[in-house]
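1. Sequence plus the predicted model coming up.
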Amino acid sequence: MAEIRAEMVANVWKILVAEGDPVEEGDTLVILESMKMEIPVLAEDGGVVSTLRVAEGDVIQEDDLIAVIE
């Protein structure tokens, strides 16, 4: 199981996966926006997205849980 957490304060700009989707290591899960820069959030391991804790437009804080991959 891998927990994907935010590395900085940012807005959730776009979500590219849904719960139940299979992902490979390095796949882009979510794109964050901070200071007019787009920051991709990548899967650290392959597996299935079991939990997605963000929605487009959310403001997330450093270390907030974005997703869980099992």
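-> Okay, I see it. Numbering: from 1, shown residues only.

2. centroid residue for this structure?
-> Residue closest to the average C-alpha location in the chain (Cα atoms, centre = their mean): V30, at 4.2 Å.

3. Next, it: secondary structure please.
-> For V30, the secondary structure call by DSSP: H, G, I helix; E, B strand; the rest coil comes out as strand.

4. Show me the beta-bridge partners of the closest residue to V41 other than its chain neighbours.
-> Nearest non-adjacent residue to V41, counting by Cβ to Cβ, 6 or more residues apart in numbering: V30, 4.4 Å away. Backbone N, C-alpha and C define where each C-beta goes, glycine included. Beta-bridge pairing of V30 under DSSP bridges involves I15, V41.

5. Next up, the contacts around V30.
-> For V30, the contacting residues are 12, 14-17, 40-41, 54, 66-67, by Cβ atoms under 8 Å, 6 or more residues apart in numbering.

6. now, which of these sits nearest G47?
-> Using Cβ to Cβ, the shortest approach to G47 within those belongs to A67, at 10.5 Å.

7. Buried residues, stretch 38-49. List them.
-> For stretch 38-49, the neighbour count (16 or more other Cβ atoms under 10 Å) marks 41, 43, 47, 49 as buried.

8. ok, now stretch 16-31?
-> Applying 16+ other Cβ under 10 Å to stretch 16-31 flags 17, 23, 27, 29-31 as buried.
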